[in-house]
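Trainee: Here is my input; please provide its structure:
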Amino acid sequence: MSAQQVLFDAPGPRARRIILIGNIIGVLIVLAIVAWIISALADKGQFAGSMWAPFLESRTWEFFILPGLLNTLKAAGISIVTSVLFGLVFGVGRLSHSAPIRWAAGVVVEFLRAVPVLLMMIFFWLALGSSGSVKPQDAPLIAVVVALTLYNGSVIAELVRSGVHGLPKGQREAGMAIGLTRNQSLRNVEVPQALIAMLPALISQFVVILKDSALGFIITYPELLQYTRRLGVGEGNVIPSLFVAAAIFIIINFALSTLATRLSVLLSFRTKAKPAAKGSIVMDAAST
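Mentor: A predicted model of the protein is given here:
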């Protein structure tokens with residue numbers, strides 16, 4: 001019996017028809033709303049060729065789109081690396097057998113998960129600006145990276161904790177059987193396997209980091225959204241400029257999601273392809 005059958009009964013023919021009809025009605029409503037929005041924008045001349053002509057000019061991409069995209073990728077790339085490091089440290093801390101360490105890591109993670117990322121960006125931006133510890137032009141980037149790191153790192157820490165708890169108990173027992181301590185088993189056996197299992201969720205969090213980096217325009221960080229808004233104000237085509245920015249975000253996020261799916265399938269295939277070899281290694285190590 002599957003977990004789905006345990007939680008609720010499988011829908012019968014009548015229920016499936018009702019669900020199908022509801023889905024069709026929902027899709028039709030969404031399409032109607034989209035058609036109404038497109039019609040309203042068309043009536044306002046937002047789809048006129050003159051509105052989109054600036055995106056056919058090289059200077060638009062050279063001075064607006066590409067610089068903004070590079071700044072977005074810069075903030076997101078740094079934040080992804082630091083978030084993973086933060087998440088691993090505090091995720092392992094939440095799994096520690098030491099109660100004080102486990103409690104302290106839990107308090108930090110739960111607190112940071114509860115604070116909106118935009119609020120953290122504004123706080124660090126104001127704090128860095130008033131302290132004078134960094135150059136004024138560097139404060140927005142640092143505030144964006146720190147806020148994204150703290151918030152998303154706490155989410156990744158929770159992913160690490162839940163991923164390790166979701167592993168079969170035999171993994172820890174096998175590690176301890178070959179002479180590993182609990183901490184060694186956690187670092188060398190359980191966490192690596194948990195990272196593979198939670199890879200799709202981890203990549204999804206990277207997508208969240210990339211999208212949340214757009215909040216940096218509120219604290220004057222010159223990322224893609226701010227550059228496209230500047231372009232829209234200067235050319236009088238704000239709506240088309242935002243459409244282009246949205247399309248770029250969608251393409252990048254779709255690429256990350258596709259990468260996550262392919263990596264998950266590849267790693268799952270490799271894991272299933274060599275179960276006997278791994279089992280024999282553990283058995284040989286235990287027999288020695």
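
Trainee: What degree of burial does residue 113 show, as a neighbour count?
Mentor: The number of residues packed near residue 113 is 15, by other Cβ atoms under 10 Å. Every residue, glycine included, has its C-beta placed from N, CA and C.

Trainee: ok, the nearest residue to it once chain neighbours are set aside - contacts?
Mentor: Closest residue to residue 113 in three dimensions, ignoring its sequence neighbours and counting by Cβ to Cβ, 6 or more residues apart in numbering: residue 154, at 4.7 Å. Residues touching residue 154, when contacts are defined by Cβ atoms under 8 Å, 6 or more residues apart in numbering, comprise 86, 87, 90, 108, 109, 110, 112, 113.

Trainee: got it, and residue 203?
Mentor: With contacts taken as Cβ under 8 Å, 6+ apart, residue 203 has the following neighbours: 256, 257, 259, 260, 263.

Trainee: tell me which element it is part of?
Mentor: Using DSSP states H and E, residue 203 sits in helix 199-212.

Trainee: If we go by neighbour counts, what in that helix is buried?
Mentor: Neighbour counts over helix 199-212 (16 or more other Cβ atoms under 10 Å) mark 199, 202, 203, 205, 206, 207, 208, 209, 210, 212 as buried.

Trainee: Check stretch 26-46 too.
Mentor: Going by 16+ other Cβ under 10 Å, stretch 26-46 has these buried residues: residue 46.

Trainee: Show me the residue at the heart of this structure, geometrically.
Mentor: Nearest residue to the geometric centre of the chain (Cα atoms, centre = their mean): residue 205, 1.7 Å.

Trainee: thinking again about what came up before, measure the residue nearest to residue 113 to residue 213 for me?
Mentor: Plainly put, residue 154 is 17 Å away from residue 213 if you go by Cβ to Cβ, to the nearest Å.

Trainee: likewise residue 197?
Mentor: Here the distance between residue 197 and residue 213 works out to 27 Å (Cβ to Cβ).

Trainee: between the two, who's got more neighbours?
Mentor: Neighbour comparison, residue 197 and residue 213: the larger count goes to residue 213, with 29 against 20 (by other Cβ under 10 Å).

Trainee: one step back: turn the contacts of residue 154 into CSV, columns for distance to residue 34, pLDDT and secondary structure.
Mentor: As requested, the contacts of residue 154 are exported to CSV (distance: Cβ to Cβ, whole Å; pLDDT from 0 to 100; DSSP: H, G, I helix; E, B strand; the rest coil):
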residue, distance to residue 34, pLDDT, secondary structure
86, 39, 96, helix
87, 37, 92, helix
90, 42, 93, helix
108, 42, 94, helix
109, 39, 94, helix
110, 39, 93, helix
112, 37, 94, helix
113, 34, 92, helix
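
Trainee: Which of those residues sits closest to residue 10?
Mentor: Proximity to residue 10 was ranked across the contacts of residue 154 by Cβ to Cβ; first place goes to residue 113, at 34.6 Å.

Trainee: what comes up buried for stretch 136-148?
Mentor: Across stretch 136-148, burial judged by 16+ other Cβ under 10 Å covers 139, 140, 141, 142, 143, 144, 145, 146, 147, 148.

Trainee: tell me which element the fifth one is part of?
Mentor: Read it as residue 143. Taking DSSP H and E as the definition, one finds residue 143 inside helix 139-165.

Trainee: same question, residue 102
Mentor: Assigning secondary structure by DSSP H and E places residue 102 in helix 99-114.

Trainee: Quick one: list the elements packing against that helix.
Mentor: helix 66-94, helix 139-165 (3 or more Cβ pairs under 8 Å, 6 or more residues apart in numbering; DSSP states H and E).

Trainee: Alpha carbons of that helix, in CSV - could you do that?
Mentor: Output of helix 99-114 as CSV, limited to C-alpha atoms (Å, rounded to 0.1, in the frame of the first residue of the first chain):
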residue,chain,number,x,y,z
ALA,A,99,22.2,19.3,22.8
PRO,A,100,23.6,22.9,23.1
ILE,A,101,24.9,22.9,19.5
ARG,A,102,21.6,21.4,18.2
TRP,A,103,19.6,23.9,20.2
ALA,A,104,21.6,26.9,19.1
ALA,A,105,21.6,25.8,15.4
GLY,A,106,17.8,25.3,15.6
VAL,A,107,17.2,28.7,17.1
VAL,A,108,19.3,30.4,14.4
VAL,A,109,17.6,28.5,11.5
GLU,A,110,14.1,29.0,12.7
PHE,A,111,14.6,32.7,13.4
LEU,A,112,16.2,33.3,10.0
ARG,A,113,13.4,31.4,8.2
ALA,A,114,10.8,33.5,9.9
